[in-house]
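In: The sequence isn't on hand, but the structure is:
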């Protein structure tokens, strides 16, 4: 029968219709849906309206109970949207504070800093607005410059402060590079826009879909995205292909001649990515960091007043305002499964918490190896998780400083001290850092980015003093010859890092009052970042979009009914964006909607464990 709303559904009484009758009714409507793709109404308008509907979708009369594992920022985002839709949501966090790696803590008496995650750019503006984070106290200020790259010969390159200012800085190295910069930015923006839209919606998961209805939805969505990409001109489509497959150096070489200019842009290609900018696939990591902005300004970088923990704290307040229950010091031991469906979670204390829906914000390998240990899962899922690559080569330091550093290239105070200071003056430097890590476990001259957030935020340090964040590459999680990250190896890494800083800012060591140093092992043990990977898994083509975390499970649904992945190990991947949590909530609401047709359930062919 057909309802007044025009949806085809099966009556509860009477026999199941014959297949010929069933499909003769389905196909015209499916064709009609595909025909809608060609209507005149702009595609982006249709998508925006669909997004709003998805996040306010009606739920069954008795909304499901939801347990979210991990109060990192994506877990909080997922909790907020589910609670806003009427779900009863509880969040269980093993640590004593919320936020995961998006955290501010005192690391030396009187000095506070963002402990792991350290800067703002990718946080999606829709998440900020929809969660009301500004009303919850979040304030993000903009860096006056994006980046400052000092050279060993005391010259320096500045990026940011406006196109004209950046071109003037580039012109000191290459007039041709300065002239080509606007074209590079424009093409990257067009291509980035096309892919950024994909980041805000669930990818298809052809092998793991639940029904023919899901297949039709994924198919129409995929056609829509193909239509958008087809609107790029031929040069942009070629650039898109290269950004997905080539090295950062190969993408940058046709645009820029100067090695320092290429190095400045290549840095984003190796942030949290264990690779040389000459390695295929690094161009996408560069593009991934171009998706964001601050305060509505594309490409802008910023700082959250109070440190990155201010983001998590605002998210937590937004969740609590909707009735979400946050449980700290409540580590989850396992997901409890009955037959092929989750029925709740068991805490490390032994307490059982029932839930019809479990959304996991932990790393995919933690979910597969620990939380689902003993559960019957598809063998191909287990194999995929065993081979899931997770190592970013990252070493993090937080320093308490008695004053500001003086760089040989710019010894006086200025806006460069409030930028991202890149201490890696050339592509070969980056290549050598990577090769050292592969051969010896750690770089002899690491790639270092320094931020001094206290230049923008005086709440982090005593008057006249400062804090510095050092984000350093490349350091392996597994050291050669069975060595471990003991104090001796950490001290060796610290000396290598400070040696690089001293090279560009003589006397830097004398400013240090205290420090916090986090090796890849510390990042793994302290924040659940398997392999020390800040992105919850390598951001390579084989682990992106519908293949994140694995093909067949890229739509946030895991291999058990009611189990979802909502962290950075899901699409669109790492960075403090909130999009994995938002997208996962949309998928959960879609799956739980009271409007899902009985026909969809009748034709279910979900692959069972």
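Out: Arrived safely, thanks for sending. Just so we're clear, the structure is a prediction, and the values are computed from it rather than from any experiment.
In: Now do residue 8, the pLDDT please.
Out: If you check residue 8, the pLDDT there is 25.
In: Use 76 as the first number for this chain going forward.
Out: All right, first residue 76 from here; so that's residue 83.
In: Report the separation between residue 586 and residue 477.
Out: 5 Å (C-beta to C-beta, to the nearest Å). For glycine as for every other residue, the C-beta is placed from the backbone atoms N, C-alpha and C.
In: In terms of secondary structure, what does the longest helix along the chain contact?
Out: Longest helix in the chain by number of residues (criterion: DSSP state H): helix 250-274. For helix 250-274, the packing partners by 3 or more C-beta pairs under 8 Å, 6 or more residues apart in numbering; DSSP states H and E come out as helix 238-246, helix 287-305, helix 309-320, helix 357-363.
In: out of those helices, which comes closest to residue 660?
Out: Smallest distance to residue 660 across the helices and strands packed on helix 250-274 (C-beta to C-beta): 17.0 Å, for helix 287-305.
In: got the residue ranges for the helices in the stretch 76-225 of the chain?
Out: In the stretch 76-225 of the chain, the segments counted as helices under DSSP state H, counting those that start in this stretch are 94-110, 118-130, 148-159, 200-206.
In: and the last one, what's its mean pLDDT?
Out: Over the span of helix 200-206, the pLDDT mean works out to 96.
In: and residue 319, what does it touch?
Out: Residue 319 makes contact with 358, 359, 616 under the criterion C-beta atoms under 8 Å, 6 or more residues apart in numbering.
In: measure the last one to residue 319 for me?
Out: Note on residue 616: its distance to residue 319, by C-beta to C-beta, is 6 Å.
In: any shared contact partners between those two?
Out: By C-beta under 8 Å, 6+ apart, the residues touching both residue 616 and residue 319 are residue 359.
In: where does the stretch 76-225 of the chain have low pLDDT?
Out: Within the stretch 76-225 of the chain, the ranges that satisfy pLDDT under 70 run 76-138.
In: Find the nearest non-adjacent residue to residue 653, please.
Out: Setting aside the residues directly before and after it, residue 653 is nearest to residue 202 in space (C-beta to C-beta, 6 or more residues apart in numbering), at 3.8 Å.
In: ignore the last one, residue 371
Out: Spatial nearest neighbour of residue 371, excluding adjacent residues (C-beta to C-beta, 6+ apart): residue 200 at 6.3 Å.
In: With residue 525 instead?
Out: Counting by C-beta to C-beta, 6+ apart, the residue nearest residue 525 is residue 496, at 4.2 Å.
In: about what we covered before: distance of the residue nearest to residue 653 from residue 190?
Out: Residue 202 sits 22 Å away from residue 190, taking C-beta to C-beta as the criterion.
In: And residue 212, by the same measure?
Out: 20 Å.
In: quick revisit: out of the helices and strands packed on helix 250-274, deepest packed?
Out: helix 357-363 (a mean of 25; mean count of other C-beta atoms under 10 Å).
In: State the mean pLDDT of the following helix or strand past it.
Out: Downstream of helix 357-363, the next assigned helix or strand under DSSP states H and E is strand 368-369. Averaging pLDDT along strand 368-369 gives 88.
In: packing partners for strand 368-369?
Out: Judged by 3+ C-beta pairs under 8 Å, 6+ apart, strand 368-369 has no packing partners among the helices and strands.
In: Distance from the chain centre to that strand, please.
Out: 15 Å (C-alpha atoms, centre = their mean, to the nearest Å).
In: Now tell me what touches it from outside.
Out: Counting by C-beta under 8 Å, 6+ apart, 195, 196, 200, 215, 217, 374, 375, 376, 377 sit against strand 368-369.
In: and the second one, what is it in contact with?
Out: The contact partners of residue 196, by C-beta under 8 Å, 6+ apart, come to 364, 367, 368, 369, 375, 376, 377, 650.
In: what do you get for the fourth one?
Out: By C-beta under 8 Å, 6+ apart, the residues touching residue 215 are 195, 198, 369, 370, 377, 378, 379, 380.
In: same thing but at 7 Å, please
Out: Listed by C-beta atoms under 7 Å, 6 or more residues apart in numbering, the contact set of residue 215 reads 195, 369, 370, 377, 378, 379.
In: if we can go back for a sec, highest neighbour count among the contacts of strand 368-369?
Out: Taking other C-beta atoms under 10 Å as the neighbour criterion, residue 195 ranks highest of those with 26 neighbours.
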